[in-house]
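Pasting a predicted model and its sequence here:
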Amino acid sequence: MRLQKFLSSKGFGSRRKVEILIQEKRIKVNGKIAEIGDLVSGEEVFLIDGDELELNQEETKHQHLIYNKDNDEICSRFDPEGRKSVFDSLPIIKFKRWVAVGRLDMTTTGLIIFTTDGELANNLMHPSKQIIRTYLVRIFGKPTTNTIKRLKQGIRLEDGLASFQNIQVTSQTKSNTWCKVSLAEGRKHEVKRLWKAVGHKVNKLIRIEYGPVKLPKSLKRGNYESLNDKEIKILYDAV
């Protein structure tokens with residue numbers, strides 16, 4: 001099996017994340033610096049940043065859960081500034097690692113799926129799968145019908161054309177508007193950048209759905225909930 005696929009299947013990040021580690025020459029296989037496309041059997045000694053990986057000696061089932069991110073948490077595993085990470089709140093597991101499906105920036109709250117199956121995570125995030133992400137967003141001002149039409153037709157951002165698949169205005173006050181929006185990509189700050197491009201600043205953003213998975217109203221911020229067998233099957237079926 002190719003190295004990046006093997007390590008991803010063992011829960012050491014998405015395939016793309018493993019490829020980045022290989023490109024940065026941070027992975028060694030049997031003492032030799034790894035290269036993209038290296039084939040492995042699983043019997044080798046693997047080092048990341050000089051530390052030997054503890055691969056699962058007895059195969060266990062992958063685990064999957066959903067987490068309700070708070071607005072004072074980051075999605076990185078380590079932070080030089082010492083800020084709280086979403087990984088700090090997850091259960092400790094042996095031989096595998098949690099992989100976050102769809103990171104959120106620090107001020108964005110809501111649903112994150114975590115899995116130990118790197119291949120599943122990679123598929124759920126890959127643009128080719130067109131997995132729908134749904135958010136509740138509060139913006140300053142009141143968008144016009146023409147503005148909403150433009151956002152659905154597509155706006156040219158610095159990294160290409162982007163659009164919302166659906167926009168539903170749910171409530172308005174004198175200064176703010178709440179909308180439910182959905183899109184099939186996960187580009188960095190994409191929701192915020194789309195609204196900014198049409199003159200509306202986002203002041204609150206909550207992810208409530210990722211593909212077939214919805215954030216339960218009963219799940220409080222900073223807490224997680226394991227997916228049951230039926231929910232896990234639906235998740236795999238989606239990709």
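Nice, thanks for sending it over.

Could I get the buried residue list for stretch 166-184?
Within stretch 166-184, the residues scored as buried using 16 or more other CB atoms under 10 Å are Ile167, Thr177, Cys179, Val181, Ser182, Leu183. Placement of C-beta: from N, CA and C, glycine included.

average pLDDT across that stretch?
Taken as a whole, stretch 166-184 has a mean pLDDT of 96.

Not counting it itself, show me its contacts.
127, 130-143, 148, 151-152, 162-165, 190-191, 200, 203, 208-209 (CB atoms under 8 Å, 6 or more residues apart in numbering).

rerun at 10 Å
127, 129-143, 145, 147-149, 151-152, 162-165, 190-191, 194-195, 200, 202-205, 208-209, 211 (CB atoms under 10 Å, 6 or more residues apart in numbering).

where do the helices sit along this protein?
With helices called from DSSP state H, the chain shows them at 3-9, 15-23, 118-125, 145-153, 190-197, 229-237.

hey, least reliable of those helices by pLDDT?
Minimum mean pLDDT among those: helix 3-9, a mean of 84.

what sits up against that one?
Residues outside helix 3-9 that contact it (CB under 10 Å, 6+ apart): 1-2, 12-22, 27, 29, 34-42, 44, 46, 48, 53, 55, 62, 97, 99, 116-122.

Filter these down to the buried ones.
For the contacts of helix 3-9, a burial check counting by 16+ other CB under 10 Å picks out 12-15, 17-19, 21-22, 27, 29, 34, 38, 40, 44, 46, 48, 53, 55, 97, 99, 116-122.

Please flag which of the contacts of stretch 166-184 sit within strands.
Those of the contacts of stretch 166-184 mapping onto strands are 133-140, 162, 202-205, 208-209, per DSSP state E.

Now list the buried members of those.
Buried among those (16+ other CB under 10 Å): Arg133, Thr134, Tyr135, Leu136, Val137, Arg138, Ile139, Ala162, Val202, Leu205, Ile208, Glu209.

could you dump the residues you listed to CSV with distance to Ile66 and pLDDT?
Listed next are these as CSV, based on distance: CB to CB, whole Å; pLDDT from 0 to 100:
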residue, distance to Ile66, pLDDT
Arg133, 14, 97
Thr134, 14, 97
Tyr135, 15, 98
Leu136, 16, 98
Val137, 20, 98
Arg138, 23, 98
Ile139, 26, 97
Ala162, 26, 94
Val202, 23, 97
Leu205, 18, 97
Ile208, 11, 98
Glu209, 11, 97
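
residue contacts, Lys69?
So Lys69 contacts 75, 86, 89, 100, 103-106, 108-112, 206-207, 215, 221-222 (CB under 10 Å, 6+ apart).

Next: Leu157.
Shown in contact with Leu157 (CB under 10 Å, 6+ apart): Ser163, Arg187, His189, Glu190, Arg193, Leu194, Lys196, Ala197.

Which residue comes closest to the first one once chain neighbours are left out?
The shortest distance from Ser163 to any residue that is not its chain neighbour, by CB to CB, 6 or more residues apart in numbering, is 4.1 Å, and that residue is Gly154.

Now do the most centrally placed residue in the chain against Phe78, distance only.
Of all residues in the chain, the one closest to the mean position by CA atoms, centre = their mean is Gly102, 1.1 Å from it. Applying CB to CB, to the nearest Å, the value for Gly102 to Phe78 is 19 Å.

now Leu219
Where Phe78 is concerned, Leu219 sits at a distance of 26 Å (CB to CB).

neighbour-wise, which of those two wins?
Neighbours of Leu219 and Phe78, each counted by other CB atoms under 10 Å, are more numerous for Leu219; the result is 15 against 8.
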